[in-house]
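In: Attaching a predicted model along with its sequence, questions to come.
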Amino acid sequence: MQKHSTLGEYIIRNQKQFKYSSGELSRLINSIRLAAKVVNHEVNKAGLVDILGNAGDTNIQGEDQQKLDVYANDVFMQTLTNRQIVCGIASEEEDDFVTISGNNGANSNKYVVLIDPLDGSSNIDVNVSVGTIFSVYRRITKAGTPVQLEDFLQKGNKQVAAGYIVYGTSTLLVYTTGHGVNGFTLNPAIGTFYLSHPNMKFPKNGTIYSINEGNYIHFPQGVKDYLKFCQEEKENRPYSARYIGSLVSDFHRNMIKGGIYMYPTSTKAPKGKLRLLYECNPIAFLTEQAGGVASDGYRRILDIKPLELHQRVPIFCGSKNMVEKAIKFMEKYPKDAEY
């Protein structure tokens, strides 16, 4: 059996690809790896310990927090804070960003992290795959000063790294630093991630569409028309509908098999449902690095200027030809999108 690189070996070997090769970004990815192993251990005990169900609180978006949401958030926040690798963190589960000070009260670290600690956590009670999504930016304010909101409200095209972890039948960490997408599978026996999915790419065409069709009546006309197109018996259609309800799981499947993931606006969610900074930007970065397309239906996700930490936007991402076809349907109904 051919020996696979470990994640640690891969990071060291490719460190010179980073524009600012100080080792700091490498240590940051290593910290995310460590936190992922801790969360994975707890996720796999769900049902054996009191970690399932509602935590009794709501997050800043007014959504019920699951116990594992809170646990995963605490693990990632503590791991990144204690190692003093970043100067600030923003989490989907926190009201505001967190400033991290160094031992001298300031922080000269270069990077901020934005994170969705446990995507799809409502599925945990029924043993469906969940995940973590993360995004890394180089701060734009002066090093040694406290981070500011502007350090987090950067366009997605300024990301230096992004990735996700799938806690499923196997635990997989997938990430990019702007030089392609690679996936690493955890060997639980020894606690090591091995390179298992090198140079991941979206097929240009696919046969899967992923959307919550229960909201069909609330969708824009362009989306309704595209769904009819997907269901027509022509050429290689109808496509197969596959929707798990965990963004990471749906996205990961589509990247491997070829497909489109959609969470559009609706009359119930006029600005969309997914968060630009914690979900859409990192997923869009990964999509483009894997040869796919990510759009809000009218413009490139990575070019959207964030206006607030918990901003929501619609998203269409996946195989190039499928997303471009969906955009053509959307463009028949032009709209000035304001998020």
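Out: Good, I have the coordinates.
In: Could you use CA atoms for every contact and neighbour count after this?
Out: Fine.
In: Tell me, please, where in the chain the pLDDT is lower than the cut-off.
Out: Counting by pLDDT under 70, the chain contains low-confidence ranges at 1-3, 17-22, 46-66, 102-106, 336-339.
In: Show me the domain layout of it.
Out: According to automatic domain parsing, the chain comprises the domains 7-197, 208-331.
In: would TSV of these with mean neighbour count be doable?
Out: Formatted as TSV, those follow (neighbours: other C-alpha atoms under 10 Å):
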stretch	mean neighbour count
domain 7-197	19
domain 208-331	20
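In: Pick out the residue closest to the middle of this structure.
Out: Ile133 (3.6 Å; C-alpha atoms, centre = their mean).
In: give me the beta-bridge partners of that one?
Out: Going by DSSP bridges, Ile133 is paired in beta bridges with Asp116, Tyr164.
In: That one is in contact with Pro117, isn't it?
Out: Yes - counting by C-alpha atoms under 8 Å, Ile133 does reach Pro117; the two are 6.6 Å apart.
In: So Tyr209, which state does it fall into?
Out: Per DSSP: H, G, I helix; E, B strand; the rest coil, the local secondary structure of Tyr209 is strand.
In: top helix in the protein by residue count?
Out: helix 24-43 (DSSP state H).
In: Relative to the whole chain's centre, how far out is it?
Out: Put simply, helix 24-43 sits 15 Å off its chain's centre (C-alpha atoms, centre = their mean, to the nearest Å).
In: Equivalent analysis for stretch 161-174, please.
Out: That offset, for stretch 161-174, works out to 10 Å (C-alpha atoms, centre = their mean).
In: dump the residue contacts of Val294.
Out: Heads up, residue 294 is Ala, not Val. 284, 287-288, 300-302, 315-318, 323 (C-alpha atoms under 8 Å, 6 or more residues apart in numbering).
In: Not counting residues beside it along the chain, what's closest to it?
Out: Of all residues beyond its chain neighbours, the one nearest Ala294 is Cys317 (4.2 Å), with distances taken as C-alpha to C-alpha, 6 or more residues apart in numbering.
In: so how far is Thr267 from the one you found?
Out: 21 Å (C-alpha to C-alpha, to the nearest Å).
In: Same question for Ala241.
Out: On the measure of C-alpha to C-alpha, Ala241 and Thr267 end up 22 Å apart.
In: before we move on, which element is Met322 in?
Out: When elements are assigned from DSSP states H and E, Met322 belongs to helix 320-331.
In: same deal with Asp69?
Out: helix 67-82.
In: Beyond that helix, next helix or strand please.
Out: With DSSP H and E, the next secondary element past helix 67-82 is strand 88-91.
In: what residues does that next one touch?
Out: 73, 77, 96-100, 111-117, 147, 152, 278, 309.
In: Need the contact partners of the next helix or strand after that strand.
Out: Following strand 88-91 in sequence order, the next helix or strand is strand 98-99 (DSSP H and E). Contact partners of strand 98-99, identified using C-alpha under 8 Å, 6+ apart, comprise 87-90, 146-147.
In: let's see it at 10 Å
Out: 77, 81, 86-91, 106-107, 112-113, 145-148 (C-alpha atoms under 10 Å, 6 or more residues apart in numbering).
In: Dig out what the residue lying closest to Leu172 once chain neighbours are set aside forms beta bridges with.
Out: Excluding the flanking residues, the one nearest Leu172 by C-alpha to C-alpha, 6+ apart is Thr185, at 4.4 Å. Thr185 has the following beta-bridge partners by DSSP bridges: Leu172, Tyr194.
In: Is it correct that Thr185 is in contact with Lys37?
Out: No - using C-alpha atoms under 10 Å, Thr185 is not in contact with Lys37, being 11.1 Å away.
In: Find residues that contact each of these two.
Out: With C-alpha under 10 Å, 6+ apart, Thr185 and Lys37 have common neighbours 165, 171, 173, 192-193.
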